[in-house]
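Sharing a sequence plus its predicted fold:
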Amino acid sequence: MNLRDFEVFKTIVECGSFSKASEQLFIAQPSLSKTIQKLEKKLSVTLFERSNRIIRLTDEGQLVYEKAITMLQQMKELKKELEDINEHLNENIKGHLKVGLPQIIGTFFFPQVAKAFSKKYTEVTLEIVEEGGLNVEKLVEKGEVDVAFVVIPTQSKELEEQLIFEAPFVACLPKSHVLKEEQQITLAQLQQDDWILFDTTFALSQVVLESCRKENFVPNIAYSTTQWDLLMALVRDELGVAIIPSPLTEMCSQNLCVKEISSQYIPWKIGIVLKKNRYKTRALKAFLKIVSDVYK
(Lines give C-alpha, C1' and ligand atoms only; values in the text may rest on other atoms or scores of the structure.)
Protein backbone atom coordinates (compact mmCIF):
# COMPACT_ATOMS: atom_id res chain seq x y z
CA MET A 1 0.00 0.00 0.00
CA ASN A 2 1.49 3.33 -1.07
CA LEU A 3 0.45 6.82 -2.13
CA ARG A 4 0.09 5.73 -5.73
CA ASP A 5 -2.61 3.24 -4.68
CA PHE A 6 -4.61 6.06 -3.12
CA GLU A 7 -4.09 8.26 -6.20
CA VAL A 8 -5.49 5.46 -8.37
CA PHE A 9 -8.46 4.97 -6.03
CA LYS A 10 -9.22 8.73 -5.97
CA THR A 11 -9.07 8.94 -9.77
CA ILE A 12 -11.48 6.02 -10.21
CA VAL A 13 -13.97 7.65 -7.83
CA GLU A 14 -13.79 11.04 -9.53
CA CYS A 15 -13.94 9.60 -13.06
CA GLY A 16 -16.94 7.48 -12.11
CA SER A 17 -15.66 4.38 -13.89
CA PHE A 18 -12.64 2.13 -14.21
CA SER A 19 -12.55 2.64 -17.99
CA LYS A 20 -12.33 6.45 -17.79
CA ALA A 21 -9.75 6.24 -15.02
CA SER A 22 -7.77 3.81 -17.17
CA GLU A 23 -7.67 6.38 -19.99
CA GLN A 24 -6.70 9.22 -17.69
CA LEU A 25 -3.97 7.30 -15.87
CA PHE A 26 -2.75 5.35 -18.93
CA ILE A 27 -3.06 2.13 -16.95
CA ALA A 28 -4.83 -1.00 -18.18
CA GLN A 29 -8.12 -1.80 -16.44
CA PRO A 30 -6.93 -5.17 -15.10
CA SER A 31 -4.06 -3.39 -13.37
CA LEU A 32 -6.46 -0.87 -11.83
CA SER A 33 -8.65 -3.69 -10.53
CA LYS A 34 -5.63 -5.40 -8.97
CA THR A 35 -4.59 -2.14 -7.30
CA ILE A 36 -8.03 -1.72 -5.74
CA GLN A 37 -8.13 -5.36 -4.63
CA LYS A 38 -4.71 -4.95 -3.01
CA LEU A 39 -5.84 -1.76 -1.27
CA GLU A 40 -9.01 -3.45 0.00
CA LYS A 41 -6.99 -6.36 1.33
CA LYS A 42 -4.53 -4.08 3.14
CA LEU A 43 -7.35 -2.05 4.70
CA SER A 44 -9.61 -5.08 5.31
CA VAL A 45 -12.62 -3.31 3.78
CA THR A 46 -14.70 -3.29 0.60
CA LEU A 47 -14.36 0.04 -1.19
CA PHE A 48 -16.87 -0.31 -4.03
CA GLU A 49 -20.29 -1.92 -4.39
CA ARG A 50 -19.97 -4.52 -7.13
CA SER A 51 -23.64 -5.33 -7.74
CA ASN A 52 -23.79 -3.40 -11.04
CA ARG A 53 -21.68 -1.43 -13.49
CA ILE A 54 -22.25 1.89 -11.74
CA ILE A 55 -19.38 2.91 -9.47
CA ARG A 56 -20.71 3.37 -5.95
CA LEU A 57 -18.65 3.75 -2.81
CA THR A 58 -19.40 1.76 0.31
CA ASP A 59 -19.50 3.67 3.60
CA GLU A 60 -15.93 2.54 4.22
CA GLY A 61 -15.00 3.57 0.68
CA GLN A 62 -16.40 7.08 1.22
CA LEU A 63 -14.30 7.46 4.36
CA VAL A 64 -11.15 6.24 2.58
CA TYR A 65 -11.87 8.64 -0.32
CA GLU A 66 -12.16 11.64 2.03
CA LYS A 67 -8.96 10.67 3.86
CA ALA A 68 -7.17 10.06 0.54
CA ILE A 69 -7.98 13.61 -0.61
CA THR A 70 -6.56 15.05 2.61
CA MET A 71 -3.49 12.83 2.60
CA LEU A 72 -2.60 13.45 -1.05
CA GLN A 73 -3.06 17.20 -0.61
CA GLN A 74 -0.81 17.18 2.45
CA MET A 75 1.88 15.30 0.53
CA LYS A 76 1.61 17.78 -2.34
CA GLU A 77 2.04 20.67 0.09
CA LEU A 78 4.96 18.92 1.81
CA LYS A 79 6.68 18.61 -1.54
CA LYS A 80 6.14 22.31 -2.23
CA GLU A 81 7.44 23.29 1.21
CA LEU A 82 10.59 21.25 0.67
CA GLU A 83 11.05 22.81 -2.77
CA ASP A 84 10.67 26.24 -1.19
CA ILE A 85 13.34 25.50 1.39
CA ASN A 86 15.72 24.52 -1.39
CA GLU A 87 14.84 27.64 -3.38
CA HIS A 88 15.94 29.87 -0.50
CA LEU A 89 19.45 29.00 -1.63
CA ASN A 90 18.66 30.66 -4.97
CA GLU A 91 17.98 34.31 -5.63
CA ASN A 92 15.12 33.77 -8.09
CA ILE A 93 11.65 32.46 -7.31
CA LYS A 94 10.79 29.39 -9.33
CA GLY A 95 7.71 27.23 -9.60
CA HIS A 96 4.42 26.47 -11.27
CA LEU A 97 1.02 27.94 -10.39
CA LYS A 98 -2.43 26.84 -11.52
CA VAL A 99 -4.76 29.84 -11.79
CA GLY A 100 -8.52 29.29 -12.01
CA LEU A 101 -10.30 31.66 -14.39
CA PRO A 102 -14.02 31.80 -15.10
CA GLN A 103 -14.37 32.88 -18.73
CA ILE A 104 -15.72 36.39 -18.23
CA ILE A 105 -13.63 37.29 -15.21
CA GLY A 106 -10.49 36.05 -16.92
CA THR A 107 -10.99 38.43 -19.83
CA PHE A 108 -11.20 41.47 -17.57
CA PHE A 109 -8.78 40.77 -14.76
CA PHE A 110 -6.08 38.25 -15.67
CA PRO A 111 -4.10 39.86 -18.56
CA GLN A 112 -2.79 42.79 -16.48
CA VAL A 113 -1.78 40.47 -13.64
CA ALA A 114 -0.14 37.97 -16.00
CA LYS A 115 1.84 40.72 -17.73
CA ALA A 116 3.16 42.19 -14.47
CA PHE A 117 3.89 38.80 -12.92
CA SER A 118 5.61 37.23 -15.94
CA LYS A 119 7.80 40.29 -16.39
CA LYS A 120 9.05 40.10 -12.79
CA TYR A 121 9.10 36.33 -12.20
CA THR A 122 10.41 34.76 -15.36
CA GLU A 123 11.03 31.35 -13.79
CA VAL A 124 7.46 30.79 -12.60
CA THR A 125 5.02 29.31 -15.10
CA LEU A 126 1.31 30.17 -14.89
CA GLU A 127 -1.15 27.50 -16.01
CA ILE A 128 -4.68 28.72 -16.76
CA VAL A 129 -7.59 26.49 -15.74
CA GLU A 130 -10.80 27.75 -17.40
CA GLU A 131 -14.10 26.68 -15.85
CA GLY A 132 -17.35 28.26 -14.70
CA GLY A 133 -16.94 30.15 -11.44
CA LEU A 134 -18.66 27.56 -9.26
CA ASN A 135 -16.52 24.77 -10.73
CA VAL A 136 -13.36 26.80 -10.20
CA GLU A 137 -14.24 27.22 -6.52
CA LYS A 138 -14.50 23.44 -6.12
CA LEU A 139 -11.11 22.95 -7.78
CA VAL A 140 -9.54 25.37 -5.30
CA GLU A 141 -11.24 23.54 -2.41
CA LYS A 142 -9.74 20.24 -3.61
CA GLY A 143 -6.29 21.76 -3.95
CA GLU A 144 -6.25 21.13 -7.70
CA VAL A 145 -5.95 24.87 -8.42
CA ASP A 146 -3.65 27.16 -6.41
CA VAL A 147 -5.57 30.42 -6.69
CA ALA A 148 -8.60 31.67 -8.62
CA PHE A 149 -10.43 34.83 -9.62
CA VAL A 150 -14.14 34.45 -8.76
CA VAL A 151 -17.30 36.31 -7.82
CA ILE A 152 -17.42 36.74 -4.05
CA PRO A 153 -18.68 36.00 -1.51
CA THR A 154 -18.42 32.30 -2.27
CA GLN A 155 -20.61 29.65 -0.66
CA SER A 156 -17.63 27.70 0.69
CA LYS A 157 -16.24 27.97 4.21
CA GLU A 158 -13.03 26.35 2.96
CA LEU A 159 -11.90 29.35 0.93
CA GLU A 160 -9.96 32.47 1.89
CA GLU A 161 -11.21 35.54 -0.03
CA GLN A 162 -9.71 38.89 -0.95
CA LEU A 163 -11.80 41.57 -2.72
CA ILE A 164 -10.00 43.26 -5.64
CA PHE A 165 -12.79 44.95 -7.65
CA GLU A 166 -16.44 46.01 -7.41
CA ALA A 167 -18.93 47.40 -9.93
CA PRO A 168 -22.76 47.52 -10.15
CA PHE A 169 -25.02 45.39 -12.30
CA VAL A 170 -27.09 47.24 -14.91
CA ALA A 171 -30.10 46.35 -17.05
CA CYS A 172 -29.38 45.67 -20.72
CA LEU A 173 -32.41 46.09 -23.02
CA PRO A 174 -33.08 46.07 -26.78
CA LYS A 175 -33.26 49.50 -28.43
CA SER A 176 -36.98 49.00 -29.11
CA HIS A 177 -37.89 48.13 -25.50
CA VAL A 178 -40.90 49.91 -24.00
CA LEU A 179 -38.67 51.26 -21.20
CA LYS A 180 -36.09 52.71 -23.59
CA GLU A 181 -36.78 56.31 -22.48
CA GLU A 182 -36.46 55.61 -18.76
CA GLN A 183 -33.25 56.68 -17.03
CA GLN A 184 -33.58 54.11 -14.26
CA ILE A 185 -35.72 51.00 -13.88
CA THR A 186 -36.59 48.34 -11.32
CA LEU A 187 -36.14 44.62 -11.92
CA ALA A 188 -39.85 44.15 -11.27
CA GLN A 189 -40.58 46.24 -14.37
CA LEU A 190 -38.95 43.46 -16.42
CA GLN A 191 -40.77 40.49 -14.91
CA GLN A 192 -42.97 40.02 -18.00
CA ASP A 193 -39.96 39.97 -20.35
CA ASP A 194 -37.96 37.00 -21.56
CA TRP A 195 -34.57 36.91 -19.84
CA ILE A 196 -31.13 35.89 -21.04
CA LEU A 197 -28.85 34.58 -18.31
CA PHE A 198 -25.35 33.25 -18.03
CA ASP A 199 -25.00 29.49 -17.66
CA THR A 200 -25.81 28.00 -14.25
CA THR A 201 -22.11 27.17 -13.71
CA PHE A 202 -21.51 30.93 -13.54
CA ALA A 203 -21.81 32.64 -10.15
CA LEU A 204 -23.27 35.60 -12.09
CA SER A 205 -26.37 33.55 -12.77
CA GLN A 206 -26.95 32.99 -9.04
CA VAL A 207 -26.53 36.71 -8.34
CA VAL A 208 -29.19 37.63 -10.91
CA LEU A 209 -31.69 35.02 -9.72
CA GLU A 210 -31.28 36.07 -6.10
CA SER A 211 -31.79 39.73 -7.06
CA CYS A 212 -35.07 38.83 -8.81
CA ARG A 213 -36.23 36.88 -5.75
CA LYS A 214 -35.75 40.04 -3.67
CA GLU A 215 -38.35 41.69 -5.91
CA ASN A 216 -40.71 38.71 -5.60
CA PHE A 217 -40.56 37.17 -9.04
CA VAL A 218 -38.81 34.41 -10.96
CA PRO A 219 -37.56 35.48 -14.41
CA ASN A 220 -38.70 33.65 -17.52
CA ILE A 221 -35.36 32.38 -18.87
CA ALA A 222 -35.42 32.21 -22.66
CA TYR A 223 -31.71 31.51 -23.20
CA SER A 224 -28.60 30.82 -21.13
CA THR A 225 -25.04 30.99 -22.40
CA THR A 226 -21.39 30.86 -21.33
CA GLN A 227 -20.44 33.65 -23.77
CA TRP A 228 -20.93 37.27 -22.76
CA ASP A 229 -20.74 38.52 -26.37
CA LEU A 230 -23.48 36.07 -27.43
CA LEU A 231 -25.63 37.23 -24.51
CA MET A 232 -25.27 40.83 -25.70
CA ALA A 233 -26.09 39.83 -29.28
CA LEU A 234 -29.28 38.05 -28.17
CA VAL A 235 -30.39 41.20 -26.34
CA ARG A 236 -29.52 43.37 -29.33
CA ASP A 237 -31.64 41.13 -31.58
CA GLU A 238 -34.63 41.58 -29.26
CA LEU A 239 -34.71 38.05 -27.88
CA GLY A 240 -34.74 39.14 -24.26
CA VAL A 241 -33.32 41.36 -21.53
CA ALA A 242 -30.31 40.79 -19.31
CA ILE A 243 -28.82 42.00 -16.03
CA ILE A 244 -25.06 42.16 -16.31
CA PRO A 245 -22.02 43.81 -14.65
CA SER A 246 -21.53 47.33 -15.98
CA PRO A 247 -17.96 46.70 -17.26
CA LEU A 248 -19.37 44.26 -19.84
CA THR A 249 -21.45 47.01 -21.42
CA GLU A 250 -18.34 49.16 -21.86
CA MET A 251 -16.96 46.57 -24.26
CA CYS A 252 -20.12 45.94 -26.27
CA SER A 253 -23.00 48.38 -25.82
CA GLN A 254 -23.78 49.39 -29.41
CA ASN A 255 -27.46 49.17 -30.38
CA LEU A 256 -28.46 48.45 -26.77
CA CYS A 257 -30.17 50.35 -23.97
CA VAL A 258 -28.24 50.30 -20.72
CA LYS A 259 -30.21 51.34 -17.64
CA GLU A 260 -29.29 51.83 -14.00
CA ILE A 261 -31.25 49.68 -11.54
CA SER A 262 -33.01 51.87 -8.97
CA SER A 263 -34.77 49.21 -6.89
CA GLN A 264 -31.60 47.73 -5.40
CA TYR A 265 -27.83 47.86 -5.62
CA ILE A 266 -26.50 44.64 -7.12
CA PRO A 267 -22.72 44.45 -6.73
CA TRP A 268 -20.35 42.52 -8.96
CA LYS A 269 -17.61 41.73 -6.45
CA ILE A 270 -14.50 40.09 -7.84
CA GLY A 271 -11.92 38.54 -5.59
CA ILE A 272 -9.12 36.04 -5.49
CA VAL A 273 -9.59 32.89 -3.45
CA LEU A 274 -7.37 30.12 -2.18
CA LYS A 275 -7.87 27.22 0.19
CA LYS A 276 -7.79 28.23 3.86
CA ASN A 277 -4.75 27.23 5.88
CA ARG A 278 -2.92 25.90 2.84
CA TYR A 279 0.80 26.39 2.58
CA LYS A 280 1.68 29.40 0.42
CA THR A 281 4.75 28.86 -1.70
CA ARG A 282 7.03 31.77 -2.46
CA ALA A 283 5.63 31.76 -5.99
CA LEU A 284 2.04 31.98 -4.69
CA LYS A 285 2.94 34.76 -2.26
CA ALA A 286 4.55 36.65 -5.13
CA PHE A 287 1.43 36.18 -7.26
CA LEU A 288 -0.87 37.47 -4.51
CA LYS A 289 1.39 40.51 -4.07
CA ILE A 290 1.22 41.29 -7.79
CA VAL A 291 -2.59 41.04 -7.77
CA SER A 292 -2.71 43.37 -4.77
CA ASP A 293 -0.39 45.86 -6.50
CA VAL A 294 -2.36 45.83 -9.78
CA TYR A 295 -5.77 46.27 -8.13
CA LYS A 296 -4.90 48.42 -5.09
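Done, it's in.

What ranges does the protein have for its strands?
Listed in chain order, the strands of the chain (DSSP state E) span 48-49, 56-57, 95-101, 124-130, 147-151, 159-174, 184-185, 194-198, 220-225, 242-245, 256-261, 267-275.

So what are the sheet partners of the fourth one and their directions?
The partner list of strand 124-130 in its sheet, established with DSSP bridges, is strand 95-101 (parallel).

how far out from the middle of the chain is the partner strand?
Relative to the centre of its chain, strand 95-101 is centred 12 Å away, using Cα atoms, centre = their mean, to the nearest Å.

quick one, domains of this structure?
As assigned by automatic domain parsing, the chain contains the domains 3-85, 93-164+270-294, 167-264.

can you redo the strands of the chain as JSON lines with mean neighbour count, mean pLDDT and distance to Gln37?
(C-beta placed from N, C-alpha, C; glycine too.) Formatted as JSON lines, the strands of the chain follow (neighbours: other Cβ atoms under 10 Å; pLDDT from 0 to 100; distance: least, Cβ to Cβ, whole Å):
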{"stretch": "strand 48-49", "mean neighbour count": "15", "mean pLDDT": "86", "distance to Gln37": "10"}
{"stretch": "strand 56-57", "mean neighbour count": "16", "mean pLDDT": "87", "distance to Gln37": "16"}
{"stretch": "strand 95-101", "mean neighbour count": "20", "mean pLDDT": "93", "distance to Gln37": "33"}
{"stretch": "strand 124-130", "mean neighbour count": "15", "mean pLDDT": "94", "distance to Gln37": "33"}
{"stretch": "strand 147-151", "mean neighbour count": "24", "mean pLDDT": "94", "distance to Gln37": "37"}
{"stretch": "strand 159-174", "mean neighbour count": "18", "mean pLDDT": "94", "distance to Gln37": "37"}
{"stretch": "strand 184-185", "mean neighbour count": "16", "mean pLDDT": "95", "distance to Gln37": "64"}
{"stretch": "strand 194-198", "mean neighbour count": "22", "mean pLDDT": "95", "distance to Gln37": "45"}
{"stretch": "strand 220-225", "mean neighbour count": "15", "mean pLDDT": "95", "distance to Gln37": "44"}
{"stretch": "strand 242-245", "mean neighbour count": "25", "mean pLDDT": "94", "distance to Gln37": "52"}
{"stretch": "strand 256-261", "mean neighbour count": "18", "mean pLDDT": "93", "distance to Gln37": "60"}
{"stretch": "strand 267-275", "mean neighbour count": "21", "mean pLDDT": "93", "distance to Gln37": "33"}
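
Wait, Val99 touches Glu144, no?
No - at 11.9 Å, Val99 and Glu144 do not qualify as touching, with contact defined as Cβ atoms under 8 Å.

Fine by me, we can end here.
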